[in-house]
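Undergrad: coordinates only, no sequence provided:
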C-alpha cells in the first residue's frame, strides 16, 4: 500500500512541476550551467531485477523501512564501492529534466510542501526567470552520495555530462556550481581528468565546499547518525539510527573527515568526559581530547560491537578501516588538483551559520565510563568562528 501511495505522490509531483514551470523567456546567449549537489542532495531510485523503479531517497510512506531494505550497504574494498545489502536491488539517480529533477526538490510530498527539503529549487526557478533553459543552458548532476567522490562510475558520468552539455549548448563551455560535498567530487575530477576539465569548463563556483573536511559534523555522524529534518517532520522520514548504520559504510563520509595534514590554526577535537577507576577502586573524572591524528582510535572503540540485523542475519558494522584507507588515498588525489589557468574558480563560503567544528560527549556530572557509551549519546558541538 505504501508503495502505491508513494507512486501516486510522485505522479502528482510531476504534474505540479509541469503546472508551475511555464517559462516566459529564453535567452539563447547565456552560457550553460551545471548544478552539482552535496551529500544527501540527490534523489535515489531502487531498481529491482525486473526493472521496476521505486524512489527510496527521499520518500514519505514506509520511508524508514524502504531505506533499510534498499539502501543499507556494505563496502567492497576490491572496487571501492559500497553495495546494497539487497542483492536484487541496484541504486540509480534519475536523469529526468537533464539531471535537474534529482536535485531540484527532494520533498517526497509536494502537497505538504516541506521547504526544508528543497535543494536547488529556488536557484533553478531564478535561473529560469533569467532566461536559462533546461536542456540547453541549465543542467543537473545528481549522484549516489553513498559512494566515494572519486568512484570511476561517477567520474565517467560527469565526463559524459560535460561532453553532452558542450554539444547541447552549441559548443559553449560550462559553468559549474557545486554545493558542499559536490565540491569534493569536482575536485577529484579536476585532479584525475584535468585536460577534460580544461576543455569543457569555463568557471567553477564552489559553495560551502569542505575541502579540508567537516570535522564536528562527521565525528557525530559516524557515532550518532544524522537527521536531515527536525521536529514532527522527522517522524515521516528516516530515523537517525537507520541513517547511522548506512553512513558507517559510506566512503563519502570518511572522505569528509578532518584532513590530518592540514595546518589547522586550532585543530578540531573529539572530547570525552571520561570516568576511570584506579587499582584501588577510586574513581576520577577527566576531559580527554583527541585531534585529527588520533580520534580514529576513539571511533574504533565506540563502534567495535556495532551491528545491524538484516534479513535475519546479524552483520558487524565497526569503524571501517578499509574505507579509511580509500579515503586517505582520495585526499592525496585531491591534494594534487590544479585548476587550469583558463578556468575561473570562486570559493564561496558563508559566515552567518555556525559550523560544527569539534564534538564533546559526556559531562563532568555524567561522564562516559566505556567508549561504547559514546555511541548514540548526546553530543555537545563546538562551532567555528569563521
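TA: Looks like it arrived, so ask away. Please read these numbers as outputs of a predicted model, since none were measured by experiment.

Undergrad: hey, let's count contacts and neighbours off CA atoms from now on
TA: Fine.

Undergrad: give me the three-state assignment for residue 275.
TA: Following DSSP: H, G, I helix; E, B strand; the rest coil, the label given to residue 275 is strand.

Undergrad: so for it, what pLDDT did the model give?
TA: Residue 275 carries a pLDDT score of 92 in this model.

Undergrad: any idea what it is bridged to?
TA: residue 285 (DSSP bridges).

Undergrad: what is the neighbour count of it?
TA: A count of nearby residues for residue 275, using other C-alpha atoms under 10 Å, gives 18.

Undergrad: same thing with the one 5 residues further on?
TA: Here the number of neighbours of residue 280 (other C-alpha under 10 Å) works out to 6.

Undergrad: for it, helix, strand, or coil?
TA: coil.

Undergrad: what about it, distance to residue 370?
TA: Residue 280 sits 19 Å away from residue 370, taking C-alpha to C-alpha, to the nearest Å as the criterion.

Undergrad: what do you get for residue 347?
TA: With distances defined as C-alpha to C-alpha, the gap from residue 347 to residue 370 amounts to 42 Å.

Undergrad: just checking, residue 92 touches residue 45?
TA: Yes. Between residue 92 and residue 45 a contact is recorded at 5.1 Å, counting by C-alpha atoms under 8 Å.

Undergrad: thought residue 319 was touching residue 299?
TA: Yes. Shown here, residue 319 and residue 299 form a contact pair, counting by C-alpha under 8 Å, at 6.5 Å.

Undergrad: what lies in contact with stretch 239-246?
TA: Taking C-alpha atoms under 8 Å, 6 or more residues apart in numbering as the criterion, the residues outside stretch 239-246 that touch it are 64, 67-68, 71-73, 221-227, 308, 317.

Undergrad: next: stretch 200-211.
TA: Outside stretch 200-211, the residues touching it (C-alpha under 8 Å, 6+ apart) are 162-163, 166, 172-184, 256, 342-350.

Undergrad: what's in contact with stretch 176-183?
TA: By C-alpha under 8 Å, 6+ apart, the surrounding residues in contact with stretch 176-183 are 33-39, 186, 201, 203-211, 256.

Undergrad: how many neighbours does residue 373 have?
TA: When neighbours are defined as other C-alpha under 10 Å, residue 373 has 15 of them.

Undergrad: which SS state does it fall under?
TA: In three-state terms, and counting by three-state DSSP, residue 373 is helix.

Undergrad: show the model's pLDDT score for it.
TA: Each residue has a pLDDT score; the one for residue 373 is 91.

Undergrad: does it touch residue 303 like I think?
TA: No. Counting by C-alpha under 8 Å, residue 373 sits too far from residue 303 to count as a contact (9.7 Å).

Undergrad: one step back: could you tell me which of the contacts of stretch 239-246 belong to helices?
TA: By the criterion of DSSP state H, membership of the contacts of stretch 239-246 in helices covers 64, 67, 68, 221, 222, 223, 224.

Undergrad: which one of those has the most neighbours?
TA: Among those, residue 222 has the most neighbours (other C-alpha under 10 Å), with 26 neighbours.

Undergrad: can you tell me which residues contact it?
TA: The neighbours of residue 222, taking C-alpha under 8 Å, 6+ apart as the test, are 244, 247, 248, 299.

Undergrad: for the third one, give me the pLDDT.
TA: Model confidence at residue 248, given as pLDDT, is 97.

Undergrad: excluding chain neighbours, what is closest to it?
TA: On the basis of C-alpha to C-alpha, 6 or more residues apart in numbering, the spatially nearest residue to residue 248 that is not a chain neighbour turns out to be residue 222, at 5.9 Å.

Undergrad: quick one, strands of the stretch 101-250 of the chain?
TA: Using DSSP state E, counting those that start in this stretch, the strands of the stretch 101-250 of the chain run over 138-140, 174-179, 201-207.

Undergrad: which residues in this structure form helices?
TA: 2-20, 63-70, 121-129, 152-168, 182-192, 194-200, 215-224, 240-247, 251-254, 295-302, 321-335.

Undergrad: buried deepest among those helices, which one?
TA: For those, the stretch with the most neighbours on average is helix 251-254, a mean of 27; neighbours defined as mean count of other C-alpha atoms under 10 Å.

Undergrad: so which elements touch that helix?
TA: For helix 251-254, the elements it packs on are helix 321-335, judged by 3 or more C-alpha pairs under 8 Å, 6 or more residues apart in numbering; DSSP states H and E.
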